[in-house]
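S.K.: My questions concern the predicted model and sequence given below.
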Amino acid sequence: AQTVTQSQPEMSVQEAETVTLSCTYDTSENNYYLFWYKQPPSRQMILVIRQEAYKQQNATENRFSVNFQKAAKSFSLKISDSQLGDTAMYFCAFMGTSGTYKYIFGTGTRLKVLA
Amino acid sequence: DSGVTQTPKHLITATGQRVTLRCSPRSGDLSVYWYQQSLDQGLQFLIQYYNGEERAKGNILERFSAQQFPDLHSELNLSSLELGDSALYFCASSADGAADTQYFGPGTRLTVL
């Protein structure tokens, strides 16, 4: 069974600094998708970034980028120029392509951006 | 705004009762997913529907059931409620229910007293 592990329950970063959130996963599939979702205090789940496993190039969305290491089964999120609005819970999610297309979520990392 | 709507936003009820949570997917999306977010279990997949048919089942209790209607909205029915059913219930939708990004609704906060 696939599993997703986020080993950092809480992190903090100074405004304008860079922070990296870790995520590792376990799967026997070769083709899959990985996501980072942000959950601010409003509890809305907001897509931050998506990575297809067959693409070697790391995904980037403005200040957000990932470091995808397929062999190591690692998928970290880097937030550059952190802003107060980045304060939220961040969830890493895995979606396989053989069987169901459900998300398997990690336990989340609570990020606090300090002024 | 993801385009996925969920009603009600909040629901407070008593143990043993039955409630219905409603979800309308984004325009054009055929697939709906239900997830439960509780403090001790995190975010867990419950069930998926695609164009009116059940496609996948996760950790959904027998007391829970769901359906997707011809207009593609979905309802999650929770019966014989227990204290432990208190959670945030999310609906998500995707275009074709396969290797798609899922877009989440704002959730329904269920409190069972």
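M.R.: Noted; the coordinates are in hand. Please read these numbers as outputs of a predicted model, since none were measured by experiment.
S.K.: And A:Cys23, how far from chain B?
M.R.: According to CB to the nearest CB, to the nearest Å, A:Cys23 stands 14 Å off from chain B. Every C-beta, even on glycine, is put in place using the N, C-alpha and C of the backbone.
S.K.: contacting residues for that residue?
M.R.: A:Val4, A:Thr5, A:Gln6, A:Leu34, A:Trp36, A:Ser74, A:Phe75, A:Ser76, A:Leu77, A:Cys92, A:Gly106 (CB atoms under 8 Å, 6 or more residues apart in numbering or on different chains).
S.K.: gap between B:Pro8 and chain A?
M.R.: Per CB to the nearest CB, B:Pro8 is found 14 Å from chain A.
S.K.: out of the contacts of A:Cys23, who's near chain B?
M.R.: Among these, proximity to chain B is found for A:Gly106 (CB under 8 Å from any CB of the partner chain).
S.K.: quick one: what helix or strand has the most centrally placed residue in chain A in it?
M.R.: When CA atoms, centre = their mean is applied to chain A, the residue found nearest the centroid is A:Trp36 (3.3 Å). In the assignment (DSSP states H and E), A:Trp36 maps to strand A:32-39.
S.K.: just the contacts of A:Cys23 now: which is nearest chain B?
M.R.: Nearest to chain B among the contacts of A:Cys23, counting by CB to the nearest CB, is A:Gly106 at 7.9 Å.
S.K.: Name the residues of chain B found near chain A, please.
M.R.: So far as CB under 8 Å from any CB goes, chain B lies against chain A at B:2, B:33, B:35, B:42-45, B:48, B:55-56, B:58, B:88, B:90, B:92, B:94, B:97-104, B:106-107, B:109.
S.K.: got the end-to-end distance for stretch A:80-98?
M.R.: 34 Å (CA to CA, to the nearest Å).
S.K.: Same question for that stretch: list its buried residues.
M.R.: A:82, A:86-97 (16 or more other CB atoms under 10 Å in any protein chain shown).
S.K.: For these, give me TSV that also has pLDDT and secondary structure.
M.R.: Listed next are the buried residues of stretch A:80-98 as TSV, based on pLDDT from 0 to 100; DSSP: H, G, I helix; E, B strand; the rest coil:
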residue	pLDDT	secondary structure
A:Ser82	97	coil
A:Asp86	97	helix
A:Thr87	97	coil
A:Ala88	96	strand
A:Met89	96	strand
A:Tyr90	97	strand
A:Phe91	96	strand
A:Cys92	97	strand
A:Ala93	95	strand
A:Phe94	94	strand
A:Met95	92	strand
A:Gly96	88	strand
A:Thr97	85	coil
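S.K.: And the helices in chain B, which stretches?
M.R.: With helices called from DSSP state H, chain B shows none.
S.K.: just to revisit the earlier point, are any of the residues of chain B next to chain A buried, and if so which?
M.R.: The buried subset of the residues of chain B next to chain A - by 16+ other CB under 10 Å - is B:2, B:33, B:35, B:42-45, B:48, B:55-56, B:58, B:88, B:90, B:92, B:94, B:97, B:100, B:102-104, B:106-107, B:109.
S.K.: for the chain, what spans make up the strands?
M.R.: Going with chain A. A:3-5, A:10-14, A:19-21, A:24-26, A:32-39, A:46-52, A:60-61, A:64-69, A:74-79, A:88-96, A:104-105, A:109-114 (DSSP state E).
S.K.: if you could check chain B rather than the one you did, that'd help
M.R.: Secondary structure of chain B, counting by DSSP E: strands at B:5-7, B:10-13, B:19-24, B:31-38, B:42-50, B:53-57, B:64-68, B:74-78, B:87-94, B:103-104, B:108-112.
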